[in-house]
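K.L.:
Give me a 3D structure for the following:
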Amino acid sequence: MISDSIKTVWSEIDGSCEACHGPAFGHIEWANSKPANASDNSKGFSFVFDERKDIHWKIDSESGNAVRSLSRDSNKEIEVCAQCHSRRSPISDDYVAGEKFSDHYVPRLLDDNMYYADGQILDEVYVYGSFLQSKMFHKGVTCSDCHEPHSLELRQDGNGVCLQCHAAERFDSKRHHFHDEASTGAQCVECHMPARNYMVVDPRRDHSIRVPRPDLSVTLGLPNACNQCHQDKDADWSDGHVKKWYGKSSAGYQSFAETIDAARSDKARAGELLEKQIRSLATPDIARATAMTLLPAYLDQSNIDLLQQGLKDDSDLVRHASLTALYGLPPALVVQLAFPLLDDPVRSVRSEAARVLAPVKPGQLNDEQSDIFNSAVQEYID
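P.N.:
Residues are numbered from 1 along each chain as shown. Coordinates of the predicted model:
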């Protein structure tokens with residue numbers, strides 16, 4: 001019988017426990033054991049969020065910035081958050097929290113129409129790709145240093161969340177921000193994490209946590225936090241104040257805007273700038289990977305070694321991008337360069353190697369190579 005009604009059901013209205021902690025059957029067994037094993041730090045879960053355990057941040061008296069007591073040696077918390085808080089393509093449907101993000105997803109790089117050339121958010125990119133660019137990420141900050149994951153609130157109110165690691169007397173001061181103490185401009189996030197609205201009503205803050213660069217607005221036409229507030233002024237006015245206050249335009253941590261802008265616009269020296277950026281290990285991996293995907297238009301004998309180096313890079317983002325850059329090159333060269341990555345430890349890289357090698361004719365591979373290739377192709381199809 002058909003009735004004029006709709007019946008819907010749901011289990012969790014928000015992120016469930018298992019979305020972050022993984023399957024809970026082991027936890028239920030642990031909880032039901034009599035007595036529960038108090039020494040089991042995992043409490044029956046498959047992995048533990050322990051990157052912040054026994055860690056403290058000590059503020060350096062000279063810089064006013066904090067240093068982590070021990071280096072962060074994994075990204076597991078960040079990658080668990082990234083499954084939802086990233087613009088990405090899924091390549092499997094069996095992700096379990098705690099597994100490597102790039103075994104299941106391919107994140108968007110700093111692509112045109114997604115990010116501005118300097119990495120600022122443009123389209124709705126959901127935080128992860130921005131945070132990978134930040135100095136905070138590279139200094140060991142993780143998501144829960146700032147966010148309380150269960151209450152969904154910040155660890156502290158207002159500037160307090162930043163002052164956990166940045167000395168108040170130096171940074172929460174008019175001598176630093178040059179705005180009235182009670183004004184919007186005195187809030188750290190307004191300058192360093194400006195918001196952009198999506199769907200008209202949903203403001204998202206840029207997690208690349210950068211210094212304002214009105215000088216790049218002048219030279220490259222990029223947006224800046226100063227003029228986002230001072231909309232009645234132009235970028236020259238903002239840049240003039242920055243130079244007056246600080247003595248110069250700050251270079252900031254992200255230094256790839258000119259390179260990506262040049263490559264996108266086919267400007268002179270684009271190839272030279274891309275080469276320099278890719279070789280610079282001071283450049284965030286996501287920006288080096290982006291530069292690698294832009295390299296094919298400027299590839300020649302002088303920089304072909306960049307592809308070879310990129311395929312051996314420690315970053316799976318760079319290895320993946322280097323494979324993408326091979327597409328369309330002579331088949332013999334593609335086989336030579338891409339074939340070893342069919343056995344890469346990361347699934348997204350193996351799958352990209354299979355995709356790039358797909359046009360290669362069977363006769364160009366020996367029997368052993370064909371077996372390895374067919375296995376990788378099946379994984380890609382799956």
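K.L.:
Which parts of the chain are strands?
P.N.:
Secondary structure of the chain (DSSP state E): strands at 57-59, 66-68, 88-90, 105-107, 147-148, 153-154, 195-198, 202-205.
K.L.:
and among these, the most buried is which?
P.N.:
Greatest average neighbour count among the strands of the chain goes to strand 105-107 (a mean of 21), per mean count of other CB atoms under 10 Å. (Glycine included, C-beta is placed from N, CA and C.)
K.L.:
Partner strands of it and their direction?
P.N.:
strand 88-90 (antiparallel) (DSSP bridges).
K.L.:
Between the strands of the chain, which one is closest to M292.
P.N.:
The closest of these to M292 is strand 105-107. By CB to CB, the value is 14.2 Å.
K.L.:
Contacts for that closest one, please.
P.N.:
The contact list for strand 105-107 (CB atoms under 8 Å, 6 or more residues apart in numbering) reads 82-83, 86-91, 95, 101, 128-129, 286, 317, 320, 348, 352.
K.L.:
residue contacts, the most centrally placed residue in the chain?
P.N.:
With distances taken as CA atoms, centre = their mean, G129 lies nearest the centre of the chain, 2.7 Å away. Contacts for G129 (CB under 8 Å, 6+ apart) come out as S86, R87, P107, R108, L109, L110, M114, Y115, I286.
K.L.:
ok, it to D343 distance?
P.N.:
Distance, G129 to D343, by CB to CB, to the nearest Å: 27 Å.
K.L.:
same deal with S217?
P.N.:
To D343, S217 is 46 Å away according to CB to CB.
K.L.:
quick one: which of these two has more around it?
P.N.:
S217 (20 against 12; other CB atoms under 10 Å).
K.L.:
Next up, the contacts around the more buried one.
P.N.:
P223, N224, N227, A235, S238, D239.
K.L.:
okay if I get those residues as JSON lines plus distance to H147, pLDDT and neighbour count?
P.N.:
What follows is the contacts of S217, written out as JSON lines (distance: CB to CB, whole Å; pLDDT from 0 to 100; neighbours: other CB atoms under 10 Å):
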{"residue": "P223", "distance to H147": "25", "pLDDT": "98", "neighbour count": "21"}
{"residue": "N224", "distance to H147": "26", "pLDDT": "97", "neighbour count": "25"}
{"residue": "N227", "distance to H147": "28", "pLDDT": "97", "neighbour count": "18"}
{"residue": "A235", "distance to H147": "32", "pLDDT": "97", "neighbour count": "21"}
{"residue": "S238", "distance to H147": "30", "pLDDT": "97", "neighbour count": "23"}
{"residue": "D239", "distance to H147": "33", "pLDDT": "96", "neighbour count": "22"}
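K.L.:
Could you count how many residues lie near Q277?
P.N.:
Neighbours of Q277 (other CB under 10 Å): 24.
K.L.:
Isn't it up against T283?
P.N.:
Yes. Taking contacts as CB atoms under 8 Å, Q277 lies within contact range of T283: 5.5 Å.
K.L.:
give me the number of residues near S16?
P.N.:
Neighbour tally, S16, other CB under 10 Å: 11.
K.L.:
if I look at it, how far off is S46?
P.N.:
15 Å.
K.L.:
Equivalent analysis for W10, please.
P.N.:
25 Å.
K.L.:
again, but for S217
P.N.:
From S217 to S46 the distance is 47 Å (CB to CB).
K.L.:
Please apply the same query to E190.
P.N.:
40 Å.
K.L.:
Settle it for me: which of those two has more neighbours?
P.N.:
The neighbour comparison of E190 against S46 (other CB under 10 Å) goes to E190, with 20 against 16.
K.L.:
With just CA atoms, put the lengthiest helix in the chain into PDB.
P.N.:
Secondary structure of the chain per DSSP state H: the longest helix is helix 367-381. This file holds the C-alpha atoms of helix 367-381, laid out as PDB (Å, rounded to 0.1, in the frame of the first residue of the first chain):
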ATOM      1  CA  ASP A 367      56.600 -11.600 -18.200                       C
ATOM      2  CA  GLU A 368      57.700 -10.600 -14.700                       C
ATOM      3  CA  GLN A 369      56.900  -7.000 -15.300                       C
ATOM      4  CA  SER A 370      53.500  -7.900 -16.800                       C
ATOM      5  CA  ASP A 371      52.500  -9.800 -13.700                       C
ATOM      6  CA  ILE A 372      53.400  -6.900 -11.500                       C
ATOM      7  CA  PHE A 373      51.600  -4.500 -13.800                       C
ATOM      8  CA  ASN A 374      48.500  -6.600 -14.000                       C
ATOM      9  CA  SER A 375      48.400  -6.800 -10.200                       C
ATOM     10  CA  ALA A 376      48.600  -3.000  -9.900                       C
ATOM     11  CA  VAL A 377      46.000  -2.500 -12.600                       C
ATOM     12  CA  GLN A 378      43.600  -4.800 -10.700                       C
ATOM     13  CA  GLU A 379      44.200  -2.800  -7.500                       C
ATOM     14  CA  TYR A 380      43.500   0.400  -9.500                       C
ATOM     15  CA  ILE A 381      40.200  -1.100 -11.000                       C
END
